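[1] Next come a sequence and a model predicted from it.
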Amino acid sequence: MEIINSTSRLPYLAKPLFVALGNFDGVHRGHQTILRAVEEKATAEKGCSAVLILNPHPINALRTGKPVALLTDLADRAEIMEELNIDYMIIEPFTSAFAALEPLEFVKRVLVDQLKVAGVYVGENYRFGKEGKGTAPKLGQWGRELGFTVSIQPLVTYKHNKVSSSLIRNLILNGEVKKAADYLNYFFFREGTVICGRGVGNRYIYPTANLHPTTELLWPGQGVYLTAVSRVKEDLLFGVTNVGSLPTFKVNDKCVIETHILDFNERIYNQTIRLSFIEKLRDTEAFPSLEKLKEQIGQDILAGRRLIDKIRMEINGSGNPLQAGCSVLRS
């Protein structure tokens, strides 16, 4: 997949172009339905498939208060979209001038004049243009008038719920990462560079790989999780990850990400690892001593190991959705 910064930089295409519109935060099951439809149409018409994404995300660019922590950054979305065989990811800067475009002006200037689309794919709740006044049905009307097709995809229902980024965000914040994976169609993951911690784990408890959480991206709610750890070495590894405060050490004012990687004793400072969150093991709690904390972490490790055989069976039955994070979607 080729990444294009700005619609104005898309090279001339001799083939018809079919474009999915939306910001696709999370690239969840609903988004995947739209993207697969675009790819299938482009293949059938011997054309090209593309996704048009606005950056920064409009929900934050237009928000005056605290920004919403996103499920995925652009690199995450690009990785998943490449697996779905999308040809181009077009990233359009979401400037004040762009935000001021009236819906019809956006259609004419961006979709028709710059992209010369043959077809457009959107979800039924897609909004666009100044103040979000443009709607999917209106886009369909303008498409008929201006010579391109518009496919409006219904919202996807999975396990009796409408799949949405907000639903998944709430699940993750509540620590329900296993349920969130059902709606994402992959295990929720975060990536970061291993940093030096306080050294207490190495000396007194269990050694950990520590990450510094970015505030722009969502992290699971406080708790202890079974995680898959990748990009450390070729073999798939598992870990027990604490997210949140460290009440035993009276550290309650910041988010800490500490992972004890099972059956692994190499030093990996300054290396990039990815944590795929499999299941929450327990809530965060304070312990009266380091000995009690170490005892509990030992129990967490045993609980995690009991889940690992089950996880490996799932991997063998559906490709490998954990290796390199989400490099293989579940279906």
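    Arrived safely, thanks for sending. Please read these numbers as outputs of a predicted model, since none were measured by experiment. Residues are numbered from 1 along each chain as shown.

[2] Where do the domain boundaries of this structure fall?
    If you go by automatic domain parsing, the domain ranges for the chain are 2-158, 184-317.

[3] list the helices and strands the lengthiest helix in the chain packs on?
    Looking across the chain with DSSP state H, the single longest helix is helix 290-317. On a contact count with 3 or more C-beta pairs under 8 Å, 6 or more residues apart in numbering; DSSP states H and E, helix 290-317 meets helix 200-204, strand 223-230, strand 237-246, strand 272-282. Every residue, glycine included, has its C-beta placed from N, CA and C.

[4] going on from the first one, what's the next piece of helix or strand?
    Scanning forward in sequence from helix 200-204 by DSSP states H and E, the next helix or strand is strand 209-211.

[5] what packs against that following strand?
    Using 3+ C-beta pairs under 8 Å, 6+ apart, strand 209-211 is in contact with strand 189-193, strand 251-261, strand 272-282.

[6] what is the rounded mean pLDDT of the second one?
    Okay, so that is strand 251-261. Averaging pLDDT along strand 251-261 gives 77.

[7] same question, the shortest one
    Over the span of strand 189-193, the pLDDT mean works out to 93.

[8] got the end-to-end distance for stretch 47-66?
    41 Å (C-alpha to C-alpha, to the nearest Å).

[9] Could you number the chain from 364 rather than 1 from now on?
    Taking 364 as the first residue, the last one we looked at is stretch 410-429.

[10] Tell me the span between the first and last residue of stretch 402-420.
    End to end - C-alpha to C-alpha - stretch 402-420 spans 24 Å.

[11] Pick the most deeply packed of the helices and strands packed on strand 572-574.
    Across the helices and strands packed on strand 572-574, the average number of neighbours (mean count of other C-beta atoms under 10 Å) peaks for strand 635-645, which reaches a mean of 21.

[12] on contacts alone, who are the packing partners of that strand?
    Checking 3+ C-beta pairs under 8 Å, 6+ apart, strand 635-645 ends up next to helix 540-547, strand 552-556, strand 572-574, strand 586-593, strand 600-609, strand 614-624, helix 653-680.

[13] thinking again about what came up before, of all the domains of the chain, which lies closest to Leu530?
    With respect to Leu530, and counting by C-beta to C-beta, the nearest of those is domain 365-521 at 8.8 Å.

[14] re the thing from before, turn the helices and strands packed on helix 653-680 into JSON lines, including distance to Pro576.
    Below are those laid out as JSON lines (distance: least, C-beta to C-beta, whole Å):
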{"stretch": "helix 563-567", "distance to Pro576": "17"}
{"stretch": "strand 586-593", "distance to Pro576": "14"}
{"stretch": "strand 600-609", "distance to Pro576": "8"}
{"stretch": "strand 635-645", "distance to Pro576": "11"}
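
[15] quick one: which of those has the weakest pLDDT on average?
    Among the helices and strands packed on helix 653-680, helix 563-567 scores lowest, with a mean of 52.

[16] Nearest spatial neighbour of Glu539, chain-adjacent residues omitted?
    Spatial nearest neighbour of Glu539, excluding adjacent residues (C-beta to C-beta, 6 or more residues apart in numbering): Lys643 at 7.2 Å.

[17] who's Ala572 bridged to?
    For Ala572, the beta-bridge partners under DSSP bridges are Thr622.

[18] I'd guessed it sits against Thr622; true?
    Yes. In this structure, Ala572 is within contact of Thr622 by C-beta atoms under 8 Å, at 4.9 Å.
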